[in-house]
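>>> quick one, fold the following:
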Amino acid sequence: MDKVSKAARTVPVKVTVNGEPWEGEVRCEETLLGFLRDRLGLKGTKRSCESQVCGACTVLVDGLAVSSCSYLAWEARDKQVQTIEGLACGGKLDPVQEAFVKHSAVQCGYCTPGMIMMVKALLMENPHPSREEIRNWLNGSICRCGTYVAVEQAILDVAGATE
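Numbers count the residues shown, from 1 in each chain. Reported below is the predicted structural model:
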C-alpha cells in the first residue's frame, strides 16, 4: 500500500459511489461493506455471512460484482461503486428491480439487494443468459425463502427470453 499513515493506519481514498464522488481517509482494515453502511449510510447492502458465501453484500465495482464484506474500502480507490441505492434513476426503478417486483422475486427481501446487483453484473456481461447460465451465476447467492424460480423468471423477462 502506498501513502499509508503508520500512526493512524489509514489510506487516502477517492471513490465514486452511485455517481457521487467521495474523498477521505479509510482505515486499512475497513471493508467496503462497513464503509458503505457506516460511513455513507447506504444500508441496502446487507451484512450476513461476512465470508463471501451468501451474496447479500454484493455491490458493483467498475461493473463487476464483488462481495463487499471481504473487499477492503481502499481497494475501491479511483473506482466506480454502485449499490442497490444507485440503480433507480429519476424515481424510476431499474428494469431488473421492476422485473423482481413483477415476478414477486422477493419474500423477506434480505438477500434481494445483493441478488439484484449480481443480476445487473450478469446482464452486463451476458444480456441473454440461458437458465443454466443464470443458475451458475447466482450460485453464490443464498435465499432462505427460496425465491430462485421467480428470480430466474425475472432475469429471463429482463433479458427478453421467449421460453
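>>> do you have the helices of the protein handy? List them.
Secondary structure of the chain, counting by DSSP state H: helices at 32-34, 95-102, 112-125, 131-137, 148-159.
>>> nearest to Gly44, of the ones you listed?
helix 112-125 (4.6 Å; CB to CB). Yep, even glycine has a C-beta here, placed from its N, CA and C like the rest.
>>> any idea of the angle that closest one forms with helix 95-102?
130 degrees (axes from the mean of the first three to the mean of the last three CA atoms, to 10 degrees).
>>> offset the numbering so it begins at 441, please.
Okay, using 441 as the starting number, the last item reads as helix 552-565.
>>> picking up where we left off before, format the helices of the chain as JSON lines; extra columns: mean pLDDT and mean neighbour count.
Below are the helices of the chain laid out as JSON lines (pLDDT from 0 to 100; neighbours: other CB atoms under 10 Å):
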{"stretch": "helix 472-474", "mean pLDDT": "98", "mean neighbour count": "24"}
{"stretch": "helix 535-542", "mean pLDDT": "96", "mean neighbour count": "19"}
{"stretch": "helix 552-565", "mean pLDDT": "95", "mean neighbour count": "22"}
{"stretch": "helix 571-577", "mean pLDDT": "93", "mean neighbour count": "15"}
{"stretch": "helix 588-599", "mean pLDDT": "92", "mean neighbour count": "20"}
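>>> need those in TSV with distance to Cys497, can you?
Putting these into TSV (distance: least, CB to CB, whole Å) gives the following:
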stretch	distance to Cys497
helix 472-474	5
helix 535-542	18
helix 552-565	6
helix 571-577	17
helix 588-599	17
